[in-house]
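Colleague: Mind folding the following:
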Amino acid sequence: MEKSNSLCVVMGVIGLGARGSSIIKMLAKMKDVRIKYLCDIYKDRTEAAQASVFHYTGYKPDIVTDYKVILADEQVQAVLILTSWETHIKMAVEAMNSGKYAGIEVGGAYDIKDCFSLVEAYENTGIPCMMLENCCYGKYELMVKNMVEKGMFGEIIHCSGGYMHDLRKEVAYGNENRHYRLRNYISRNCDNYPTHELGPIAKILKINKGNRMLSVYSISSKARGLSHFIHEEKKDDLDLYNTVFKQGDIITSVIRCLNGETITLTLDTTLPRFYSRGFSISGTKARYQEDGNLIFIDKKHNNFHFLSRLFYNNAALYLRRYMHPIWKRFKNEGVKGGHGGMDYLVLRAFLEAVRDRTETPIDVYDSASWMAITALSEKSIIEDSPIQIPDFTNGKWKDRKPFEGKYSLD
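Modeller: This next block holds a predicted model:
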């Protein structure tokens, strides 16, 4: 039976690639969501998504190839923008200007002016825009945040993280899979995916609410990983075989914050490796690191600082006491959704803000400042110098109030 509009968030989904198809399945299982539109330029994607929604709900959303049809429908309250990186900000601005909440998939900005346009659209319309940064709702990211807030880490000094994921096959087969990463790796050299751990770190450091990022300095290694992979695994693709990739194999960015903390971000996606987001928090009393899932507490573990292997996964022992309230509730209700549950949490955070007509826990200032790192890192690599990070809040960071609500990250 088709869901009643009066009881549901009515929405459109723009972009139905691999990420879009997985999110569609989660949305379709939510009783308070009605997907009115599915939008993509590829017929096979829209038909597969429509069939998936019908399987779970018994109704078929309308299929469109022009997202502006969705924005023109006054019944639609929100859109999810799950398209290529290049289109995120443009579509989000248009969505806000049409009175619709904009939920945008992660990815970096191409021009700092675009980030300002995102903020301007929000300030002119009052309609929220939320980056769907799922890692902000990761179980261990939130546990560490909870421990930091309880004083377990003392004063935070340095944080690090990034996106370390072997994407050689995904990029190399970008033409076959119609994936936008390939053209980006050919033409750009930057941290193109900075937000996975910058998001959780920014929330821990209270960026845009009592603190702000001041500058970023990025350096790039040479680019060899993709070419090596293609020469060994895709020799028959003559065009790609002879392509010179601009994207360096390792991008390292150092961010300086107003309150004295530093952040190191790493992009590592074109060399063989284990997956990691490298999340680590260093304070005057303790340290957490994702690799090994280790917590080191001063005066408790000092005698074992050369024996880290004995403590692998010891952070799991702290979950019972320090699990974040968001995750306690989530665990009691039943963990669901992709990437260990954080996909579901970030979607619910967005959708319930739409339903209740409230601000989103990741707001437009968060989204703009995190996305800006991509454009600024590109400039920093070219100029080989630190680049100033704009204050998208225009000074409001000094006294902005924490977000209050079920999914608060403040």
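
Colleague: Report the contact partners of the spatially most central residue of the chain.
Modeller: Centre of the chain computed as the mean C-alpha position; nearest residue by CA atoms, centre = their mean is Glu133, 3.0 Å away. Going by CB atoms under 8 Å, 6 or more residues apart in numbering, Glu133 touches 106, 195-196, 199, 346, 362, 370. From N, CA and C alone the C-beta is placed, and that goes for glycine too.

Colleague: That one: what's its closest spatial neighbour, skipping adjacent residues?
Modeller: Gly199 (3.9 Å; CB to CB, 6 or more residues apart in numbering).

Colleague: now the host helix or strand of Ser227, how far from the centre of its chain.
Modeller: For Ser227, the element it lies in under DSSP states H and E is helix 225-233. Distance of helix 225-233 from its chain centroid, counting by CA atoms, centre = their mean, to the nearest Å, is 28 Å.

Colleague: same thing with stretch 27-41?
Modeller: 21 Å.

Colleague: tell me which residues in it are buried?
Modeller: 27-28, 30, 33-40 (16 or more other CB atoms under 10 Å).

Colleague: Can you pick out the most distant pair from those?
Modeller: Greatest spacing in those, by CB to CB: Met30 and Asp40 (20.7 Å).

Colleague: Spell out, range by range, the strands that occur in the protein.
Modeller: 9-14, 33-39, 62-64, 78-81, 101-104, 129-131, 156-164, 213-220, 250-257, 262-268, 280-283, 286-289, 294-297, 387-388 (DSSP state E).

Colleague: Residues touching the first one, excluding its own?
Modeller: Put plainly, it is strand 9-14. By CB under 8 Å, 6+ apart, strand 9-14 touches 20, 23-24, 27, 32-40, 49, 67, 70, 73, 75-83, 91, 351, 354-355.

Colleague: could you redo the last one with a cut-off of 6 Å?
Modeller: Residues outside strand 9-14 that contact it (CB atoms under 6 Å, 6 or more residues apart in numbering): 33-34, 36-39, 67, 70, 75-81, 83, 351, 354-355.

Colleague: where does this protein dip in pLDDT?
Modeller: 1-6 (pLDDT under 70).

Colleague: Mark out where each domain of it begins and ends.
Modeller: Per automatic domain parsing, the domain ranges recorded for the chain read 5-134, 135-325+361-398.

Colleague: got a markdown table for those, with distance to Lys336 too?
Modeller: Below are the domains of the chain laid out as a markdown table (distance: least, CB to CB, whole Å):
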| stretch | distance to Lys336 |
| --- | --- |
| domain 5-134 | 8 |
| domain 135-325+361-398 | 13 |
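
Colleague: quick one: the residue sitting furthest away from the middle of the chain and Leu118, what's the gap?
Modeller: Computed with CA atoms, centre = their mean, the maximum C-alpha offset from the centroid of the chain is found at Asn303, amounting to 37.6 Å. Using CB to CB, to the nearest Å, one obtains 50 Å as the distance from Asn303 to Leu118.

Colleague: Same question for Arg183.
Modeller: Counting by CB to CB, the gap from Arg183 to Leu118 is 23 Å.

Colleague: Looking at these two, which is more packed in?
Modeller: Leu118 (28 against 14; other CB atoms under 10 Å).

Colleague: Surely that one touches Ile89?
Modeller: Yes: the pair Leu118 / Ile89 is scored as a contact, 5.3 Å apart, by CB atoms under 6 Å.

Colleague: What about the nearest residue to Arg309 once chain neighbours are set aside, how many residues nearby?
Modeller: Leaving aside its sequence neighbours, Arg309 sits nearest to Gly292 (CB to CB, 6+ apart; 7.9 Å). When counting by other CB under 10 Å, one arrives at 13 neighbours for Gly292.

Colleague: Looks like Gly292 contacts Tyr312 (just checking).
Modeller: Yes: with contact defined as CB under 6 Å, Gly292 and Tyr312 form a contacting pair (5.0 Å).

Colleague: Redo the contacts of Glu133 as JSON lines? Include distance to Asn97 and neighbour count.
Modeller: Conversion of the contacts of Glu133 to JSON lines gives the following (distance: CB to CB, whole Å; neighbours: other CB atoms under 10 Å):
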{"residue": "Val106", "distance to Asn97": "22", "neighbour count": "23"}
{"residue": "Thr195", "distance to Asn97": "24", "neighbour count": "30"}
{"residue": "His196", "distance to Asn97": "29", "neighbour count": "26"}
{"residue": "Gly199", "distance to Asn97": "25", "neighbour count": "27"}
{"residue": "Val346", "distance to Asn97": "24", "neighbour count": "28"}
{"residue": "Ile362", "distance to Asn97": "20", "neighbour count": "30"}
{"residue": "Trp370", "distance to Asn97": "22", "neighbour count": "26"}
